[in-house]
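In: okay, predicted coordinates and the sequence, questions at the end:
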Amino acid sequence: MERELWTVLYRRACELDDLWKSGAYSPYDASAIVGVYLWAVIWDRPTIWACDPGNWGTLQPPQPLPPQWTVSRRMRSERVAELWRRIEKEVQDTCNAAIVWIMMVDGKPLTVSIHSKDRDARWGKLDRFRWARGYKLHVIWGASDYPLAWEVKSLNYSEVKMARELVGRVKQQGYLLADAFYDASTLYDDAGAAGLQLLAPRRQAGGLGHHYQSPYRLRAMELMHQPFGKELYAERELVEHQFGRLTNFGGGLAPLPSWVRTPHRVKAWVGTKLLLNAVRSRLKALPATPAAA
């Protein structure tokens, strides 16, 4: 499966790489940089491992095979970044082509050691009682295995603030299911402006006080006491299945390895894992090729 995943994504990277002039000649195409990084991420190895031709087995690596320092430098270039954006948009558009009306917003902590020297890995809450250092993957899932919108931020970044940014990227309309951490009138209003009715349990019991209450929040409170709203909110357990599929396969999103630190490296690593998960799901859904007679 690892070879199939790499072949599908690398072949598409080559097709999408239009080889525009970058101002200075380089013997390494953007697709070659993407191919090497893909191979490293699939096997949960650093890029220096993928730059060794002895680690490709019988698979033909990109030619010429770039050295590690070139991959590291070019991964942050505009040409390679644009190629990644093209690949991501194509996968996202393909996976989320169908219209859905139930979506889920949630986050997954990506912790690092408390002794890590990564200054951008901040302290934040894992739950009500536990704290850790690291980052968090914020996602809005639909019915497919690729998010409708996603972002990676430090662990202390507000979930509500991040969700307010993500709802503006969603092109679908419907219901957005969340847990009590997202119960904020500001998010209800932003979601409503984007055509989404947020549905989340109240963070605190009791009266509403004298603060501003979003009409979308009042509507959600009403729905949560109706049979339709209760059945609808029960669908939120699907978000756990989405995270489960993302993490429970070889090459899936595991705890961040020691060489994946600082925001741009973490985002590149996590984004590649999301692509691999989506392509893997589509490959598994394809009918088996009949054996030759």
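Out: Nice, I can see it. Note that the structure is predicted; figures quoted are calculated from it, not measured.
In: and the contacts of the lengthiest helix in the chain?
Out: Of all the segments assigned as helix in the chain under DSSP state H, the longest by residue count is helix 263-285. Surrounding helix 263-285, the residues in contact under the criterion C-beta atoms under 8 Å, 6 or more residues apart in numbering are 1, 4-5, 8-9, 37-38, 41-42, 75-76, 84, 87-88, 91, 94-95, 110, 120, 135, 137, 144-147, 150, 152, 154, 245-246, 249, 251-253, 256, 259-260. Using the backbone N, CA and C atoms, a C-beta is placed for each residue, glycine as well.
In: list buried residues within the residues you listed.
Out: Applying 16 or more other C-beta atoms under 10 Å to the contacts of helix 263-285, the neighbour count classes 5, 9, 37-38, 41-42, 75, 84, 87-88, 91, 95, 110, 120, 135, 137, 144-147, 150, 152, 154, 245-246, 251, 253, 256, 260 as buried.
In: skipping its backbone neighbours, what lies nearest residue 29 in space?
Out: Using C-beta to C-beta, 6 or more residues apart in numbering and skipping the chain neighbours, the partner closest in space to residue 29 is residue 17 (5.8 Å).
In: surely the one you found is in contact with residue 30?
Out: Yes. Contact status for residue 17 versus residue 30: in contact at 5.1 Å, counting by C-beta atoms under 8 Å.
In: can you show me the helices along the stretch 151-293 of the chain?
Out: With helices called from DSSP state H, counting those that start in this stretch, the stretch 151-293 of the chain shows them at 159-167, 185-193, 215-223, 227-233, 238-247, 263-285.
In: these: which one's closest to residue 65?
Out: Each of the helices of the stretch 151-293 of the chain was scored for nearness to residue 65 using C-beta to C-beta, and the closest is helix 263-285 (18.7 Å).
In: show me the contacts for residue 120.
Out: The neighbours of residue 120, taking C-beta under 8 Å, 6+ apart as the test, are 135, 154, 262, 263.
In: how about the first one, nearest residue that isn't a chain neighbour?
Out: I take that to be residue 135. The spatial neighbour of residue 135 that comes closest, neighbours along the chain excluded (C-beta to C-beta, 6+ apart), is residue 110 at 4.4 Å.
In: and the one you found, what helix or strand is that in?
Out: Using DSSP states H and E, residue 110 falls within strand 102-112.
In: buried stuff in the following helix or strand past that strand?
Out: Moving toward the C-terminus from strand 102-112, the first helix or strand encountered (DSSP H and E) is strand 122-125. Of the residues in strand 122-125, 122, 124 count as buried by neighbour count, 16+ other C-beta under 10 Å.
In: residue 135 pairs with what?
Out: Under DSSP bridges, the beta-bridge partners of residue 135 are residue 110, residue 154.
In: and it, what is it in contact with?
Out: 109, 110, 112, 120, 121, 152, 153, 154, 155, 256, 263, 266.
In: so which of these is the closest to residue 182?
Out: The shortest separation between residue 182 and any of these is 15.0 Å, and it belongs to residue 153 (by C-beta to C-beta).
In: model confidence for the closest one, exactly?
Out: Per-residue confidence for residue 153 comes out at a pLDDT of 97.
In: what's the burial count for it?
Out: Residues near residue 153, counting by other C-beta atoms under 10 Å, number 22.
In: how close does it sit to residue 233?
Out: As for residue 153, its distance to residue 233 is 26 Å (criterion: C-beta to C-beta, to the nearest Å).
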